[in-house]
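>>> just to be clear, the model below is a prediction. Sequence and coordinates:
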Amino acid sequence: MAPAASVPSSSAPASSASAISDRIMEAVMAQKLAPGTRLGEQQLAALFDCSRTVVREALMQLSVRGIVTVSARRGWYVVEPSQDEAREAFEARRVIELGLIRGLKQPLEKSALQSLKAHLRREKAAVRGTDVAARSFLLGDFHVCLAECLGNHLLADTLRDFTARTTLIAMLYQSSHDAAQSCDDHVRIVAALESGDVAAAEALMAEHIGTVQAHLRLPALADPLARLRGALAPLGTSAVPGGGAPDAAQPLHSPTPRTPRRTPRRPADPARTALPLADPLS
């Protein structure tokens, strides 16, 4: 029987590196650690009552999994996936999850269906409740639970990392996807698997992942010069997406009519003034 997913608890902290990395991973999936959150070694050592060496080992484990990173200036912090990394993470989830469902050659065992249905009951309760952390964790962990129930624990571990990354992506790019809709999608996927309709389950999963990604506020094409192009565009214009030519600039102020400038006359040169000829008869 596949192990039932659990909601992160607030029990006394354990001091092993694996336990610390698991707790940080749970906090990420519960949306309790935002992208860019700094993870100080000294503070974590105090919280988990262990040495900084153990904390550093835990953070290095998470770094390999793509959940945290380190820099000389900021120290350890939760990753902030780029737009390209966001697209790659969702594409990786499609490959893994659709492939797992497509590879199902026989109906799910009764114990696996029971585990999935138990998970769905917790999901529904969390969606109705007010515990946002539990709701976020359970919605993401459904995909890990499904991979375990489909019998591939190695890919379940890989999928857990990608699910955590897509959770960070949803936080970073302000996903507006409805939790109740995600839960309903999960219910329909399990129902299709229970009826033995693998093709329908695969199609529902593809639709579900696509819907979640579509609710991210990501531009259609990543343009590394978009921000600079917009900043340097003439006032009164906006840069055209994709690098096209902007519209003609519109003046910000009404033009003031100008009076034609007159060139002053130069005074006559006495030397060049013609003298009247003397009358010879005078």
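Everything's here; your move.

>>> just the element for the spatially most central residue of the chain, please.
What sits nearest the mean C-alpha location of the chain, by CA atoms, centre = their mean, is residue 169, with 2.5 Å. Residue 169 belongs to helix 153-172 when assigned by DSSP states H and E.

>>> could I get the buried residue list for that helix?
155-156, 158-172 (16 or more other CB atoms under 10 Å). No exception for glycine: its C-beta is placed from N, CA and C like everyone else's.

>>> average pLDDT across that helix?
The average pLDDT within helix 153-172 is 93.

>>> from now on call the first residue 56
I'll keep to 56 as the first residue from here, and by that count the last item is helix 208-227.

>>> so which elements touch that helix?
helix 72-84, helix 138-157, helix 187-204 (3 or more CB pairs under 8 Å, 6 or more residues apart in numbering; DSSP states H and E).

>>> got the angle for that helix vs helix 138-157?
Inter-element angle recorded for helix 208-227 and helix 138-157: 140 degrees (by axes from the mean of the first three to the mean of the last three CA atoms, to 10 degrees).

>>> contacts for helix 208-227?
80, 83-84, 86, 89-90, 120-122, 133-136, 140-141, 144-145, 147-148, 151-152, 155, 191, 195-196, 198-199, 202-203, 230, 232, 267, 271 (CB atoms under 8 Å, 6 or more residues apart in numbering).

>>> of those, keep whichever come out buried.
80, 83-84, 86, 90, 120-122, 133-134, 136, 141, 144-145, 147-148, 151-152, 155, 191, 195-196, 198-199, 202-203, 230, 232, 267, 271.

>>> what residue ranges in the stretch 106-255 of the chain score low on pLDDT?
Residue ranges of the stretch 106-255 of the chain with pLDDT under 70: 231.

>>> circling back to that earlier point, now the helices and strands packed on helix 208-227 in a markdown table, with distance to residue 107?
What follows is the helices and strands packed on helix 208-227, written out as a markdown table (distance: least, CB to CB, whole Å):
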| stretch | distance to residue 107 |
| --- | --- |
| helix 72-84 | 11 |
| helix 138-157 | 29 |
| helix 187-204 | 27 |
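
>>> quick one, which of those helices gets closest to residue 255.
helix 138-157 (9.8 Å; CB to CB).

>>> now that closest one, how far from the centre of its chain.
Remark: helix 138-157 is offset 14 Å from the chain centroid, using CA atoms, centre = their mean, to the nearest Å.

>>> what is it packed up against?
Judged by 3+ CB pairs under 8 Å, 6+ apart, helix 138-157 is in contact with helix 187-204, helix 208-227, helix 253-269.

>>> show me what counts as buried in whichever helix or strand comes after it.
On the C-terminal side of helix 138-157, the nearest following helix or strand under DSSP H and E is helix 165-183. For helix 165-183, the neighbour count (16+ other CB under 10 Å) marks 167-168, 170-171, 174-175, 177-179, 181-182 as buried.

>>> what's the closest of the residues you listed to residue 94?
Looking across the buried residues of helix 165-183 and measuring by CB to CB, the closest to residue 94 is residue 181, at 26.3 Å.

>>> ok, that closest one touching residue 193?
Yes: at 5.2 Å, residue 181 counts as touching residue 193 under the criterion of CB atoms under 8 Å.

>>> could you point out the helix or strand that follows the helix holding residue 224?
helix 234-249.

>>> now for that following helix, which elements pack on it?
Judged by 3+ CB pairs under 8 Å, 6+ apart, the packing partners of helix 234-249 are helix 165-183, helix 187-204, helix 253-269.

>>> right, I'll call it a day here.
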